[in-house]
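**Student:** Fold the following for me, if possible:
(2 chains)
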Amino acid sequence: MTIDKEKNIPIEEEEVPVEILEQISARDEKIYYASQGQLIAWRFQRHKLAMISLVILVIMYIMAMVPGFFAPYGKDQRFKGYSYAPISKIHLFDEEEGFVGPFVYALTQEIDPQTFKKTFVPNEDGTIYRISMFVRGTEYKIVGNWTSDLHLFGVKGQNEGENVAPMFLFGTDQVGRDVFSRTIYGSQISLTIGLIGVFMSFIFGITLGGLAGYVGGLFDAVVLVIIDLLQTIPQLPLWMTLSAAVPREIPVVQRYFMMTVVLSFLGWTGLARVVRGRLLAMREEDFALAAKGAGASNWRIVMRHLIPGFSSHLIVTITINIPAMILGEVALGFLSLGMQKPAVSWGILLQDAQNIVAIAHQPWLMIPALVVIVTVLLFNFVGDGLRDAADPFVM
Amino acid sequence: MNSQDIILDVKGLKKYFPLKSGGLFGKVQGYIKAVDDVTFYVKRGETIGVVGESGCGKTTLGRCISLLYEPTAGDVKVYLDEGVLDVGNMNKEETKKFRRNVQMIFQDPYASLNPRMTVLNIVGESLLVNDVAKGDEMEQMVGQIVQKVGLKVEHLRRYPHSFSGGQRQRIGIARALVINPQLVVADEPVSALDVSIQAQILNQLKDLQKDFGLSYMFVSHNMSVIRYMSDRIMVMYAGKLVEMAPREVLLNHPRHPYTELLLSAVPRVSRRGSFRLVTPGEPPDLLNLPQGCVFNPRCKYAKEVCKEVAPSLVQVGPDHFVRCHTLDEFELKGI
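**Tutor:** Have a look, this model is predicted:
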């Protein structure tokens, strides 16, 4: 029992039950043995928004890996008579039977005799076409090796030669292709080009920045000047020039790699600066000196002591750099300088939304832009969460 | 003095840090003379204390001795059981031998342990990189030394963040001693710790010295700590060695005005009969050192000659060296 000094009243001290004490010490024990990486992971998990964003991003990347399964239709599958069809209305209730689960009606195209504007009218008294999970549809390849025709969802009977009504979640484009399916196929290029681009600028950045920071002297000065020069050139014009230099007739895969090189051409500079600065600062840290005193080689000091010391910062920088790469690809694709048709990427999809008439009459062609925005936001949330978690000053 | 008794012999050690203007074509604009012409020796099994105010070059001196910094000039010789090492020109094999025998304890127990490595890997690193032991053998050796410095074997798998300052410093000590060195440079090992912990660590260091037969070069700005630890004391001012003497001689009969000044600043319980000198002037600007004796602007005994000619180090008694012009002219007070 202690005495509250201000009021002179005795205060009952709470007895802490033994079990709770044991729990606390067990938790402490876990923290004692936790490595820096584990501590960061625990703090990251407390960041709800970042966790949710991470989960969504992982799902998106899984979808990009097997787009055929998640997209109800093929990327080049055309629907005759469905040019510029709007987003399908998904119904749940039939007038006669009540609740029957999601279904769509067939659409019939009508032309307004006065304006010549095409409209699609759902055939609401006609047959209903049910949407269900795991339906058979167009064939696709998984990782270029196995073929399958199973789709996560779709209109029932779409593969049995029956004349079933299609379902367009994001509407269709001019030649009647499903924009939703194409968006999923497009993520394959748009999402991965960011990863590979960042990976390449990571390699450039680490080697050049690392050498500059460690070797120092003239090499350091030269690298810094190159970085400064590259950073003064406006990004988009440089990208445009570089991608214009890539020949147009090369295969999709080759072009894809060319584009990652173009995108990472500028991306490494920021990273190299970070690496150089951190190396310079940490080379003088006591623990680096201690390693030197223990007799460790320069190589060991850099790899074992210095690089791990700022790896969390590198991861954060990388996560924050990926959206820039994705946006770069979209911008180049939009300007027809990036990937070329028939490849599908978000930038290429957005080419359809280039003129005002298209946007006014077919607003759904803008949906891929929305997807881009959401993706970039998700990456930023994850980056924020990682930065907070990796910040050593919150310890 | 024969070479049997001494383990470290330093002559004319200099460490100048060049000051460069920035940019691609930066040129050297001057030097900071952090350590300037320091000559001293360490006897086998003794503790030599290095004392002086902040920025006087004691840490730089320690780091030059343990070869964390490359000295600008000077002759450093280490007399080991297995031979003499001339630190200025060692080949790879000799450098390894040097690292195995000269180790360092760092000042800041928070900055000197890599937060991403377990205690086992931190302490065991020197065993690993010097091909002394690895794997289970390394773990066993690390376990022994860790117990020796007052930690538990269970602590080996933990990371530094789970230890207190005192415990971390024990890890630092274990790291220095695991490879069984002969000379340990301790750079302010207790200045970052609580007073109560300081005493524990100091006593531990003394015990370890006895057990392992170590020689210490003990750097501190705290006269009380130096007094407790050292057999001989060297006083540094502005990169220069101004006085070096056995402990009792230096404490009772200082011969350099700066030593007197330092001693007068040591806090004592009883103020009766004690004196305190008011410290005139400021610590020296290393970029712009005064002409003549570096201490002359603050020295109350300074004469004309002090402003013009730099005094040289002279021996005034057994193991007693002083760098001053006014020797024997004034009676200086000790403790």
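
**Student:** all contacts plus neighbour counts: C-alpha atoms, from now on.
**Tutor:** Will do.

**Student:** tell me the contacts of the closest residue to chain A within the stretch 51-200 of chain B?
**Tutor:** Closest approach between the stretch 51-200 of chain B and chain A, counting by CA to the nearest CA: B:Ser112, at 4.0 Å. Residues in contact with B:Ser112, defined by CA atoms under 8 Å, 6 or more residues apart in numbering or on different chains, are A:Glu285, A:Asp286, A:Phe287, A:Ala288, A:Ala290, B:Phe106, B:Gly172.

**Student:** Contact partners for the third one?
**Tutor:** It stands for A:Phe287. Under the criterion of CA under 8 Å, 6+ apart, the contact partners of A:Phe287 comprise A:His305, B:Ala111, B:Ser112, B:Leu113, B:Asn114.

**Student:** next one: the helix of greatest length in chain A to chain centre, how far?
**Tutor:** The longest helix of chain A (DSSP state H) is helix A:179-215. Averaging C-alpha positions (CA atoms, centre = their mean, to the nearest Å) puts helix A:179-215 11 Å from its chain's average.

**Student:** What helices and strands are in contact with it?
**Tutor:** Here helix A:179-215 touches helix A:48-65, helix A:67-70, helix A:217-232, helix A:252-283, helix A:307-334, helix A:346-351, going by 3 or more CA pairs under 8 Å, 6 or more residues apart in numbering or on different chains; DSSP states H and E.

**Student:** List the ones among the contacts of B:Ser112 that fall in helices.
**Tutor:** A:Asp286, A:Phe287, A:Ala288, A:Ala290, B:Gly172.

**Student:** how about those residues, which pair is most distant?
**Tutor:** Using CA to CA, the two most remote members of the ones in helices among the contacts of B:Ser112 are A:Ala288 and B:Gly172, lying 13.2 Å apart.

**Student:** Relative to chain B, how far out is A:Ala294?
**Tutor:** Going from A:Ala294 to chain B by CA to the nearest CA, to the nearest Å gives 5 Å.

**Student:** Run through the residues that contact that residue.
**Tutor:** Listed by CA under 8 Å, 6+ apart, the contact set of A:Ala294 reads B:Arg99, B:Arg100, B:Gln103, B:Glu125, B:Ser126, B:Val129, B:Ala176.

**Student:** switch to 6 Å and redo it
**Tutor:** B:Ser126 (CA atoms under 6 Å, 6 or more residues apart in numbering or on different chains).

**Student:** For it, grab phi and psi.
**Tutor:** phi -70, psi -10 (degrees, to the nearest 10).

**Student:** For A:Gln38, give its distance to chain B.
**Tutor:** The value you get for A:Gln38 to chain B, if CA to the nearest CA is used, is 11 Å.

**Student:** got a list of what that residue touches?
**Tutor:** Per CA under 6 Å, 6+ apart, neighbours of A:Gln38: none.

**Student:** can you confirm it is in a helix?
**Tutor:** Yes. Assignment of A:Gln38 by DSSP: H, G, I helix; E, B strand; the rest coil places it within a helix.

**Student:** for residue 115, helix, strand, or coil?
**Tutor:** You didn't pick a chain, so chain A it is. Following three-state DSSP, A:Thr115 is assigned to coil.

**Student:** Would you mind listing what in chain B touches chain A?
**Tutor:** Proximity of chain B to chain A, by CA under 6 Å from any CA of the partner chain, involves residues B:Leu24, B:Arg99, B:Ala111, B:Ser112, B:Leu113, B:Asn114, B:Arg116, B:Ser126, B:Val129, B:Arg158, B:Ser162.

**Student:** Can you go through those and name the buried ones?
**Tutor:** B:Arg99, B:Ser112, B:Leu113, B:Asn114, B:Arg116, B:Ser126, B:Val129, B:Arg158, B:Ser162 (16 or more other CA atoms under 10 Å in any protein chain shown).

**Student:** Can you add pLDDT and give those residues back as a markdown table?
**Tutor:** Shown next, in a markdown table, are these (pLDDT from 0 to 100):
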| residue | pLDDT |
| --- | --- |
| B:Arg99 | 90 |
| B:Ser112 | 90 |
| B:Leu113 | 91 |
| B:Asn114 | 88 |
| B:Arg116 | 83 |
| B:Ser126 | 89 |
| B:Val129 | 89 |
| B:Arg158 | 87 |
| B:Ser162 | 85 |
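
**Student:** Where helices are concerned, which of those count?
**Tutor:** Using DSSP H, the subset of these located in helices is B:Arg99, B:Ser126, B:Val129.

**Student:** which non-adjacent residue is nearest the second one?
**Tutor:** Once flanking residues are discounted, B:Ser126 sits nearest to A:Ala294: 4.6 Å by CA to CA, 6 or more residues apart in numbering or on different chains.

**Student:** What of the last one?
**Tutor:** In this structure, B:Val129 finds its nearest non-sequential neighbour in A:Ala296, 5.7 Å apart by CA to CA, 6+ apart.

**Student:** May I have the secondary structure class of the one you found?
**Tutor:** coil.

**Student:** can you give me the helices in the stretch 101-250 of chain B?
**Tutor:** B:119-129, B:135-148, B:165-177, B:195-212, B:223-229, B:247-252 (DSSP state H, counting those that start in this stretch).

**Student:** Buried residues in the fourth one, which are they?
**Tutor:** Taking 16+ other CA under 10 Å as the basis for neighbour counts, the residues of helix B:195-212 that come out buried are B:Gln198, B:Ile201, B:Leu202, B:Gln204, B:Leu205, B:Lys206, B:Leu208, B:Gln209.

**Student:** Could you check how far the residue in chain A positioned nearest to chain B is from B:Leu287?
**Tutor:** Nearest residue of chain A to chain B (CA to the nearest CA) works out as A:Phe287 at 4.0 Å. According to CA to CA, to the nearest Å, A:Phe287 stands 28 Å off from B:Leu287.

**Student:** And stretch B:77-92, end to end?
**Tutor:** Note: stretch B:77-92 ends 16 Å apart using CA to CA.

**Student:** next one: stretch B:95-108
**Tutor:** Stretch B:95-108 end-to-end distance (CA to CA) = 26 Å.

**Student:** now stretch A:280-297
**Tutor:** Start-to-end, stretch A:280-297 (CA to CA) is 17 Å.

**Student:** chain center to that stretch, what's the gap?
**Tutor:** The chain centroid and the centroid of stretch A:280-297 are separated by 38 Å, computed with CA atoms, centre = their mean.

**Student:** Right, I'll call it a day here.
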